[in-house]
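# using only what follows, build the 3D model:
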Amino acid sequence: MKETTITITIPDGYDDIDKEALAEGKISFVKAKPTTWRCSNPKVNGFYINADGHLMTQVSLIPWNECSHHIFATKKQRGAMLAMAQLSQIIKHDKRFGGPITNEEWKKGDIPKYVIVRSSDELRHDLLYRHYHFLSFHTSAQRDLFFEENKDLIKQYYMLD
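Okay, here's the model as predicted:
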């Protein structure tokens, strides 16, 4: 019996031939598993906030793992997260702002929330939302006072500084 060689290209989206099917005289392909960035064993560099709240300088390439999840890609992002932490503490502990809106309140679409958002390159604090926003308040008066007293941190959070 004469041997014949046939070349078959593995189709896109598949990464191998199914060896068991081939043993039975069939040709079947094994679907490729998607490779996400997180699963590709990447190395990261960037900026972070240390345990004392200090903004740390750039970190060289290090493996992405549980010890590097706190590294931000840019200085602005690092500053935004520091501002976010500070803003969250103000909302929680300064009684004038009514505390954070609870999950139960978010579930109730009929309860209005008064928010501060970034719209293009400006801050808007005249809006009423029923969808989640980090800087949300129970009343417009709470929102407006918070905006006036914390405009610098709000700009940093929205990376407008």
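
# tell me the strands in the chain, going along the chain?
For the chain, the strands defined by DSSP state E occupy 14-17, 29-31, 43-49, 55-63, 113-119, 122-129, 136-137.

# in the protein, which helix or strand is least confident?
Lowest mean confidence among the helices and strands of the chain (mean pLDDT, DSSP states H and E): helix 19-23, at a mean of 68.

# pick the most buried one from the strands of the chain.
Highest mean neighbour count among these (mean count of other Cβ atoms under 10 Å): strand 136-137, with a mean of 23. The way it works is simple: take the backbone N, C-alpha and C, and place the C-beta from them, glycine included.

# in contact with residue 122, which residues?
The neighbours of residue 122, taking Cβ atoms under 8 Å, 6 or more residues apart in numbering as the test, are residue 160.

# so where's this structure shaky on pLDDT?
Residues of the chain that meet the criterion pLDDT under 70 lie in 1, 15, 18, 21-23, 37-38, 66.

# biggest helix in it by residues?
helix 75-93 (DSSP state H).

# mind giving me the packing neighbours of that helix?
strand 43-49, strand 55-63, helix 151-157 (3 or more Cβ pairs under 8 Å, 6 or more residues apart in numbering; DSSP states H and E).

# reformat those as CSV; add distance to residue 36.
Formatted as CSV, the helices and strands packed on helix 75-93 follow (distance: least, Cβ to Cβ, whole Å):
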stretch, distance to residue 36
strand 43-49, 14
strand 55-63, 16
helix 151-157, 28
